[in-house]
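Colleague: How does the following fold in three dimensions:
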Amino acid sequence: MAESGGALGRLAIIGAVTLQAIGKVAYGTWLENFPAPLFVFISFTFTASFFLFMSRQGRGEIAWGTLALLNVATALTFLSLFYALKLIEPSIVGAVEIAIGPLAAVLIAWGASQKRPSRTNVVVCFGILTGCAILSVSALMGPGLPSGDFSVLIGLAASSVAGIGAVLITIGSKSLLNRGWKFGAVLAHRFYVIVPLSLALSFGVETTSMIWSAHLALVVLIVSVISVLAPLYLLQVGIGRCAPYTVLVTMSALPVLTFAIEGFSSRYEWSSVTAIGLISITATVLWDVSTKKT
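Modeller: Coordinates of the predicted model:
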């Protein structure tokens, strides 16, 4: 039975990664002129309403600190993520976001214990930083998006913030699941910060380049489901049923998969420098989690 649950969890993570990759490219391609805060508000209001309706029960032991962490981390992650997608390629956003996980874990452990990182951790950090440096060069060269140097740096910084938030989300979600919470209940109670905050950020944004229509509303709805609602639920199922090793290994495929899907979009161009950076980060993350397999 446990083996069956693990298989279901792996399938859920694979589904989440695939949808996230498609969603990142779809958002950058179809909603290029749609303000990021407004999209976040619409998509997460829809997602929150869906899970609140579907998960009236399933709450376990209340932990206000963990709930606060999860809500703040959710807002931090997705507002930064969709903002970054306006400035740099989805594959670069995904790579930096994934790479921040092991890097942040090493720094947090170092700061908490005051012990020097192991040789393996140093090699991993060096590999990740090398890959991020290569991706930074690729982004500054601008083969994928015609943005200026300053915008690229902001995009890279926003991607890093999204990565840190994703680590905090994993910690908070796992804690609630261990306290008896159901998957849907966790999702139903993690959007109390992001919805009002994204609404506040939406006021005053430039919308003159958009033409509101039923077609645009349908595109926003479809991208919301592909990039937010469905991946969130599938990833929550995967986190609850799989070991962290399995989650990290599967998620490390996100940047490469996103890069491949970018080939179907007319907005992005092939970049060998980006490919090298993605391979460097993906190989480093895979090697890192393989050394920690239990």
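Colleague: pLDDT at Gly142, what is it?
Modeller: At Gly142, the model reports a pLDDT of 60.
Colleague: cool, and the one 10 residues further on?
Modeller: Val152 is assigned a predicted lDDT (pLDDT) of 83.
Colleague: Test my guess that it contacts Ala139.
Modeller: Yes: here Val152 reaches Ala139: they are 4.5 Å apart, a contact under CB atoms under 8 Å. C-beta here means a position set from N, CA and C on the backbone, and glycine is covered the same way.
Colleague: Now the common contact residues for those two.
Modeller: Both Val152 and Ala139 are contacted by Ile88, under the criterion CB atoms under 8 Å, 6 or more residues apart in numbering.
Colleague: neighbour-wise, which of those two wins?
Modeller: Remark: of Val152 and Ala139, Ala139 carries more neighbours, 29 against 20, as counted by other CB atoms under 10 Å.
Colleague: Let me see the contact set for the more buried one.
Modeller: Counting by CB under 8 Å, 6+ apart, Ala139 makes contact with 88-89, 92, 145, 152, 155-156.
Colleague: ok, now Val195?
Modeller: Val195 touches 41, 44-45, 48, counting by CB under 8 Å, 6+ apart.
Colleague: try 10 Å
Modeller: Shown in contact with Val195 (CB atoms under 10 Å, 6 or more residues apart in numbering): 40-45, 47-49, 71, 74-75.
Colleague: what do you get for Gly23?
Modeller: Contacts of Gly23 were listed using CB under 10 Å, 6+ apart, and they are 43, 85, 90, 222-231, 258, 261.
Colleague: do the same with Leu11
Modeller: Counting by CB under 10 Å, 6+ apart, Leu11 touches 234, 237-238, 241, 250.
Colleague: Ok, Pro117 next?
Modeller: 106-107, 109-110, 123-125.
Colleague: from memory Leu67 sits against Val186, does it?
Modeller: Yes: assessed by CB atoms under 10 Å, Leu67 is found in contact with Val186 at 9.3 Å.
Colleague: which residues do the two both contact?
Modeller: Shared contacts of Leu67 and Val186 (CB under 10 Å, 6+ apart): 172, 175-176.
Colleague: Any of those buried? List them.
Modeller: 172, 175-176 (16 or more other CB atoms under 10 Å).
Colleague: Tell me where the protein has strands.
Modeller: Secondary structure of the chain (DSSP state E): no strands located.
Colleague: among the helices and strands of it, which has the poorest mean pLDDT?
Modeller: Least confident helix or strand, the chain: helix 244-251 with a mean of 69, by mean pLDDT, DSSP states H and E.
Colleague: hang on, the earlier thing: so of the contacts of Ala139, which ones are in helices?
Modeller: Among those, the members found in helices (DSSP state H) are 92, 152, 155-156.
Colleague: Now the two most distant members of these.
Modeller: Using CB to CB, the two most remote members of the ones in helices among the contacts of Ala139 are Ile92 and Val152, lying 9.2 Å apart.
Colleague: number of nearby residues for the closest residue to Met54 other than its chain neighbours?
Modeller: Counting by CB to CB, 6 or more residues apart in numbering, Met54 lies nearest to Gly184, which is 5.7 Å off, once chain neighbours are set aside. For Gly184, the number of neighbouring residues by other CB under 10 Å comes to 20.
Colleague: Next up, the contacts around Gly184.
Modeller: Shown in contact with Gly184 (CB under 10 Å, 6+ apart): 50-58, 233, 236-237.
Colleague: what about the stretch 151-294 of the chain, any weak spots by pLDDT?
Modeller: Residues of the stretch 151-294 of the chain meeting the criterion pLDDT under 70: 206-209, 244-246, 248-249, 289, 292-294.
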